[in-house]
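>>> just coords:
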């Protein structure tokens, strides 16, 4: 399902040198070939891991892969502090209700 979605959106990369892909999108052989056809030379990842990208195929197609080299040692503490308002405002209870509202899938 996610693969079909990213294949559908590769056409948006036409005339761009680079694309930015999030961790939950799989960039496999099919996607890489399409991106190469559209002239993409670089894929930027917004996370440190890169297990969602076929690195060997990207090398073969001469598409560069860039990622976050490492996370700050303070990120866990910062994230915990950012989550504190959810307890007070009861976001954790509201989130499942909001997820049930049918919304179109976002691009990217």
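That came through fine. Please read these numbers as outputs of a predicted model, since none were measured by experiment. Numbering: from 1, shown residues only.
>>> and the end-to-end length of stretch 38-52?
Terminal residues of stretch 38-52 are spaced 20 Å apart (CA to CA, to the nearest Å).
>>> do stretch 66-80 as well
End-to-end distance of stretch 66-80 (CA to CA): 27 Å.
>>> use 34 as the first number for this chain going forward.
All set: I'll call the first residue 34, so the last point we hit is now stretch 99-113.
>>> pull the residues that contact that stretch.
Residues outside stretch 99-113 that contact it (CB atoms under 8 Å, 6 or more residues apart in numbering): 75-83. From N, CA and C alone the C-beta is placed, and that goes for glycine too.
>>> ok, which stretches of this protein are helices?
35-42, 62-70, 88-93, 108-122, 124-132 (DSSP state H).
>>> related to what we said a few turns ago, so which of the contacts of stretch 99-113 belong to strands?
Applying DSSP state E to the contacts of stretch 99-113, the entries found in strands are 75-78.
>>> that older thread, right, so the helices of the chain: which one is the most enclosed?
Stretch with highest mean neighbour count among the helices of the chain: helix 62-70 (a mean of 18; mean count of other CB atoms under 10 Å).
>>> and that helix, what does it pack against?
Counting contacts by 3 or more CB pairs under 8 Å, 6 or more residues apart in numbering; DSSP states H and E, helix 62-70 packs against helix 35-42, helix 88-93.
>>> let's have the ones you listed in JSON lines, adding distance to residue 62.
Formatted as JSON lines, those follow (distance: least, CB to CB, whole Å):
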{"stretch": "helix 35-42", "distance to residue 62": "11"}
{"stretch": "helix 88-93", "distance to residue 62": "5"}
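>>> among the ones you listed, show the one with the smallest mean pLDDT.
Lowest mean pLDDT within the helices and strands packed on helix 62-70: helix 35-42, a mean of 66.
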